[in-house]
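1. make a model of this:
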Amino acid sequence: MNYQQTLDFLFSQLPMFHRIGPAAYKANLDNTWALANHLGNPEKKFRSIHIAGTNGKGSVAHMLASVFQEAGYKTGLCTSPHLKDFRERFRVNGEMMPESYVSEFVQEHMDFFETIKPSFFEMTIAMTFAWFAEQKVDIAIIETGLGGRLDSTNIITPELSVITNVGLDHVNLLGNTIEEIAGEKAGIIKTGIPVVAGKSRKEVMQILKIKAGETGSEIFFADQNIRVELTGFTFVDGESLMEGSINGSMGLVEFQCPLTGTYQLENICTVAQTIYGVNLAGRFFVSEDALKRGLKNVIKNTSMAGRWQTLSEKPLVICDTGHNVDGIRSVLENINLTPHKNLHFVLGMMNDKDISGILSLLPSENTTYYFCKPDVPRGLSVDDLEKEAGKLRLKGRRFESVKDALNQAKCMASEDDLVFVGGSTFVVAEVI
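-> Coordinates of the predicted model:
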């Protein structure tokens with residue numbers, strides 16, 4: 001098979017959660033362990049940091065990868081989902097896996113795949129671990145796909161486990177309460193392995209402390225140990241940068257970061273605590289300067305996209321992948337901080353989200369909505385989206401595609417208006 005044929009096989013023959021939803025979810029790690037054993041257990045051949053959380057885990061993963069690269073380590077990065085190119089999911093020092101490796105891996109192991117029928121995610125994680133082992137990475141930053149305890153990435157024994165935060169998302173799979181979901185995320189905590197929690201939310205702290213106690217794992221709550229403050233924004237060499245300070249175990253560190261969403265302050269706090277934990281363990285050393293360079297060069301080093309990303313100016317067009325209640329709250333905070341007269345909101349969602357909960361947060365004053373459906377089977381129909389939005393007096397028009405919605409929003413917006421595109425990772429993927 002050539003590369004395109006391989007992709008066709010991956011996307012059409014195997015269940016893919018981010019497209020079809022719960023039908024692709026496997027409630028055990030049997031296939032993952034079978035794949036690992038078949039491949040000679042590549043997950044044991046590199047060191048790693050494992051990251052779970054409802055929001056922020058992708059940003060934290062990219063930042064950590066950038067920081068370790070700046071510290072001189074050969075660094076693997078495993079994230080999901082991808083926005084445009086399947087190979088965004090696996091990088092080594094910022095470089096995507098070669099197309100030839102994807103094709104050859106699938107072809108070589110096709111007979112075994114046919115035997116156990118792995119899911120899309122199970123197979124791609126196996127591919128990732130095999131590639132990282134082959135590349136002899138010094139450290140791999142591994143983001144969970146969904147949950148933690150039963151996620152396919154959860155066969156690694158990392159240097160450090162990280163749980164960015166816990167909120168209500170994927171309740172049909174992970175649990176109906178914050179405590180239940182926290183229990184699933186806490187499933188990545190391993191015996192004797194330190195854990196960093198990004199946010200000390202009261203109902204979550206107790207769950208994480210209990211799990212850490214059971215496993216004999218030291219636990220650090222980042223927001224209790226480190227203070228990260230925003231000092232302003234600047235524009236350097238055509239790039240907008242957020243400026244701030246980190247005050248904690250490494251002393252006072254002033255930083256710049258091109259991820260300008262203010263919600264990144266919480267993620268930077270988690271990154272700083274994680275670096276402290278890694279240094280404390282002694283196998284790696286990351287300097288203050290590497291931390292600063294890593295934050296400043298995160299987009300250049302990892303090609304991170306879709307987080308409060310400016311697509312164009314006059315009118316200002318910004319997109320963000322926030323797609324649950326907590327994520328949308330963060331988005332709205334940044335919209336309110338962005339000077340504008342009227343808001344033009346290109347909105348599409350997935351059908352398994354808390355539709356009413358998200359829509360109830362959205363503004364109605366001085367806002368026009370451009371309703372659309374992301375081009376994936378799990379996308380919420382425009383009929384349903386428009387109907388639910390109407391109940392909350394959110395006014396707008398419907399469009400056949402995300403592209404049509406964005407084009408109309410840009411046409412209708414004046415120079416001092418803001419066009420925002422979001423509601424789903426897949427909406428953002430279509431406009432980047």
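2. what's the pLDDT at the most centrally placed residue in the chain?
-> Centroid-nearest residue in the chain: residue 58, 2.7 Å away (criterion: Cα atoms, centre = their mean). We note a pLDDT of 95 for residue 58 in this prediction.
3. so what does the strand or helix carrying it touch, helix or strand wise?
-> For residue 58, the element it lies in under DSSP states H and E is helix 57-70. Where contact means 3 or more Cβ pairs under 8 Å, 6 or more residues apart in numbering; DSSP states H and E, helix 57-70 is packed against strand 47-52, strand 75-78, strand 139-143, helix 264-281, helix 288-296, helix 298-302. Bear in mind the C-beta positions are built from the backbone N, C-alpha and C, glycine included.
4. just want the angle from it to strand 47-52.
-> 160 degrees (axes from the mean of the first three to the mean of the last three Cα atoms, to 10 degrees).
5. ok, now which ones touch the spatially closest residue to residue 430 that is not a sequence neighbour?
-> Counting by Cβ to Cβ, 6 or more residues apart in numbering, residue 402 is the residue found nearest to residue 430 once chain neighbours are left out, at 4.3 Å. Contacts for residue 402 (Cβ atoms under 8 Å, 6 or more residues apart in numbering) come out as 346, 348, 372, 373, 374, 375, 421, 427, 430, 431.
6. so the fifth one is in contact with residue 431, correct?
-> Same thing as residue 374. No: using Cβ atoms under 8 Å, residue 374 is not in contact with residue 431, being 10.4 Å away.
7. between these two, which is the more surrounded one?
-> Each of residue 374 and residue 431 has its neighbours counted (other Cβ atoms under 10 Å); residue 374 has more, 22 against 18.
8. what about that one, which SS state?
-> Following DSSP: H, G, I helix; E, B strand; the rest coil, residue 374 is assigned to coil.
9. just to revisit the earlier point, want to throw the helices and strands packed on helix 57-70 into a markdown table with mean neighbour count and distance to residue 3?
-> Compiled in a markdown table, the helices and strands packed on helix 57-70 are given as follows (neighbours: other Cβ atoms under 10 Å; distance: least, Cβ to Cβ, whole Å):
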| stretch | mean neighbour count | distance to residue 3 |
| --- | --- | --- |
| strand 47-52 | 26 | 27 |
| strand 75-78 | 28 | 20 |
| strand 139-143 | 27 | 24 |
| helix 264-281 | 24 | 33 |
| helix 288-296 | 20 | 31 |
| helix 298-302 | 21 | 22 |
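10. export those to TSV and tack on mean pLDDT and distance to residue 213?
-> Shown next, in TSV, are these (pLDDT from 0 to 100; distance: least, Cβ to Cβ, whole Å):
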stretch	mean pLDDT	distance to residue 213
strand 47-52	98	18
strand 75-78	98	29
strand 139-143	98	24
helix 264-281	96	18
helix 288-296	97	30
helix 298-302	98	34
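11. between those, which one is closest to residue 189.
-> strand 47-52 (9.1 Å; Cβ to Cβ).
12. state the mean pLDDT of stretch 29-38.
-> Per-residue scores along stretch 29-38 average to 96.
13. now stretch 388-400, how far from the centre of its chain.
-> Centre-to-centre, stretch 388-400 and its host chain are 28 Å apart (Cα atoms, centre = their mean, to the nearest Å).
14. meant to ask about stretch 398-412
-> That offset, for stretch 398-412, works out to 26 Å (Cα atoms, centre = their mean).
15. and that stretch, what's buried?
-> 398, 399, 402, 405, 406, 408, 409, 410 (16 or more other Cβ atoms under 10 Å).
16. got a list of what residue 228 touches?
-> Residues counted as contacts of residue 228 (Cβ under 8 Å, 6+ apart) are 244, 245, 246, 247, 265, 266, 268, 269, 272.
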